[in-house]
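Asks: A structural model of the following input is requested.
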Amino acid sequence: MADSNITKRALATSLKELMAEQPFGKINVAQICERCNMNRKSFYYHFRDKYDLVNWVFYTEFAEQFIGEGQITSGFFLEKICTYFYRNRAFYVSALEQEGQNSFSEYFADVMRSLLSLYYTDVVDRDDAYEFIITFYTDALLAALKRWLREGTMPPERFVDLVRRATNRRAAKV
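Replies: All right, here's what the predicted structure looks like:
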């Protein structure tokens, strides 16, 4: 298991280095493998594609810690994810630009949809509009997050405050 994580981390480091040099859409598996002196078989043993690798980076660097802390509140999540994305802005701007099947954008939207479902359980009635409302907030938050990261001028705390004000949800700071 330790060797598996070493290989995955080497591939992740290669991807991050490449993403600092060029857009994610122009990076291919061969380049990732070449950068860390591995063959494509090693890559495909661990990951389905480069999108799967980006998802793994997010999961191991952020989500795993988040789950481990056991605090699933909207305020906690929004503050933590915005701070994390802001610190790793170049990587996530590039990762979130890609759309479609297996993309990080799709994966992250699923994560947000699940968390928003938990968050809005007590606020929104579970009627025929519930799924629409959750999808609406997921799409809106994802679009705002992408714009905020691309512009890169507003600190995370300010962005979180504005999101809370926009959704009329003034969650207590955690």
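Asks: name the helix or strand for residue 10, please.
Replies: Using DSSP states H and E, residue 10 sits in helix 2-21.
Asks: can you pull out the helices in this structure?
Replies: Using DSSP state H, the helices assigned to the chain run over residues 2-21, 29-35, 40-46, 50-58, 64-69, 74-87, 89-97, 104-119, 130-151, 156-166.
Asks: quick one: those as CSV, columns for mean neighbour count and mean pLDDT too.
Replies: C-beta here means a position set from N, CA and C on the backbone, and glycine is covered the same way. Output for the helices of the chain, formatted as CSV (neighbours: other CB atoms under 10 Å; pLDDT from 0 to 100):
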stretch, mean neighbour count, mean pLDDT
helix 2-21, 15, 92
helix 29-35, 17, 97
helix 40-46, 14, 96
helix 50-58, 22, 95
helix 64-69, 12, 64
helix 74-87, 19, 83
helix 89-97, 19, 92
helix 104-119, 18, 85
helix 130-151, 15, 91
helix 156-166, 16, 90
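Asks: residue closest to the middle of the chain?
Replies: residue 108 (4.7 Å; CA atoms, centre = their mean).
Asks: that one and residue 99, how far apart?
Replies: Going from residue 108 to residue 99 by CB to CB, to the nearest Å gives 12 Å.
Asks: picking that back up, any idea how far residue 39 is from the residue nearest to the centre of the chain?
Replies: From residue 108 across to residue 39, the span is 30 Å (CB to CB).
Asks: what do you get for residue 160?
Replies: According to CB to CB, residue 160 stands 43 Å off from residue 39.
Asks: repeat for residue 151
Replies: 40 Å.
Asks: next: residue 134.
Replies: Using CB to CB, one gets 42 Å for the distance from residue 134 to residue 39.
Asks: what does residue 77 give?
Replies: In terms of CB to CB, residue 77 sits 38 Å off from residue 39.
Asks: cool, thanks, talk later.
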